[in-house]
Structure formats: structure tokens, C-alpha cells
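Asks: Any chance you can model this:
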Amino acid sequence: MGGGGVDSSNMLAFFDLPNAGGAKSTFTNIEKVVGPIQREVCREAIEENLIEEVRLTLLEEPEQGVTFEEWMKGRKDGTPLRVYPKLTYGLDMGWQQAQLYFNDESLAALGPLLGMEFHLPTSKAQGHGGRFTHTGKPIGFQIYAKQCQFCDNHNAESDGGVPDHDCPQNFKGSSKSMESKA
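Replies: You can find the predicted model right below:
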């Protein structure tokens, strides 16, 4: 989705360095190896954050009707719960683009869910803003992509079907509607 290889090639060419044309394929090969590892590390970190957010929420709000132990058991063995923890979180989408303003034609967006509980100040001495408790860490995310470079390149080069691959394209519609769908 990014322009890493192209950007690398352009930078090397700008500095008149050798093998500038090979940077795109080198970057792509590195990305194929490192990308899945990065995604797995991200999934593990988010899982740890979610567990901690639920633990802290249920410690402060035991009246929710489910214990942390019940929730963990349900996650491990797939047992459905009668009540699920109610978490307070924030979501804000960010769009991939090289411009300084929002563009309806952005091809990708990322929306992290941040675990939080917001408390309004009780006095003027505490200032105008509230405070956030719990982890404030990402507890989930949604990525939408309107385009797949592999599909686009393959469709441009042949009339056959696109080979099986890890296709990121998962959204059709305007870029503005990505946030409300997340």
C-alpha cells in the first residue's frame, strides 16, 4: 500500500547511488519477510493490551456481571458468555495520503481503538480537561484498503484471474465512510 520501494528508488537515484533501480524489488522482498512478523507482533501486543484493559475495567466495575476469570476462560475455550465486559474506548481514523488535507480519494485508513475511561474535572483547580485512566493502549484496530497493488499489477499484465494472495482490499465506497463503518 505504501510507496516504500518507489520512494527508496527515488531517494537513491536523487543521490546518484548505484543500483537505484533495484531498491523497489529489494524493498518488496524485505517487506514480504518482515511484514508478517510485524503483523503477528502487533496482534500479540493488542491481545495483551485488551486483556489488561478488561482486567482493570472489571476491577473498577465488578457490577458488570462477569468476572475477569470467566471472561478469560471464555476467550481460551470459546465458551459464550451471558454478559460481556463493557469497555470505554476511543476510535479515530487516519487516512493514508501525502497531502495536508483530507481527500475523499484516500485509498487506505487505519482506526485504532484505545482503551480509556474519561473523568471530567470536578473543580476549576483541576483544569478544563479530564483525565484518562486504564491503559490508554490500543485494544483493537481496523484497517480498510480500497486498492491492492498486486491485483492492479496482475490485472494490467494479463487477462486471467488474479493468483491467490494476501489481498488487503476490503472496502468499497467513499473514504469518508470508512470511519463510520469502523
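
Asks: what is the mean pLDDT for stretch 68-80?
Replies: For stretch 68-80, mean pLDDT is 91.

Asks: buried set for it?
Replies: Residues of stretch 68-80 classed as buried by neighbour count (16 or more other Cβ atoms under 10 Å): F68, E70, W71. For every residue, glycine as well, the C-beta is placed using N, CA and C.

Asks: if we look at it, which residues are touching it?
Replies: I51, V54, R55, L58, L59, L81, Y84, P85 (Cβ atoms under 8 Å, 6 or more residues apart in numbering).

Asks: Adding distance to N153 and neighbour count, write these out as a markdown table.
Replies: Formatted as a markdown table, those follow (distance: Cβ to Cβ, whole Å; neighbours: other Cβ atoms under 10 Å):
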| residue | distance to N153 | neighbour count |
| --- | --- | --- |
| I51 | 40 | 16 |
| V54 | 42 | 22 |
| R55 | 45 | 16 |
| L58 | 48 | 21 |
| L59 | 51 | 10 |
| L81 | 45 | 13 |
| Y84 | 43 | 13 |
| P85 | 44 | 19 |
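
Asks: and those residues as JSON lines, adding secondary structure and distance to K181?
Replies: Listed next are these as JSON lines, based on DSSP: H, G, I helix; E, B strand; the rest coil; distance: Cβ to Cβ, whole Å:
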{"residue": "I51", "secondary structure": "helix", "distance to K181": "26"}
{"residue": "V54", "secondary structure": "helix", "distance to K181": "24"}
{"residue": "R55", "secondary structure": "helix", "distance to K181": "29"}
{"residue": "L58", "secondary structure": "helix", "distance to K181": "29"}
{"residue": "L59", "secondary structure": "helix", "distance to K181": "32"}
{"residue": "L81", "secondary structure": "coil", "distance to K181": "26"}
{"residue": "Y84", "secondary structure": "coil", "distance to K181": "21"}
{"residue": "P85", "secondary structure": "coil", "distance to K181": "23"}
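
Asks: With that, I have no additional questions.
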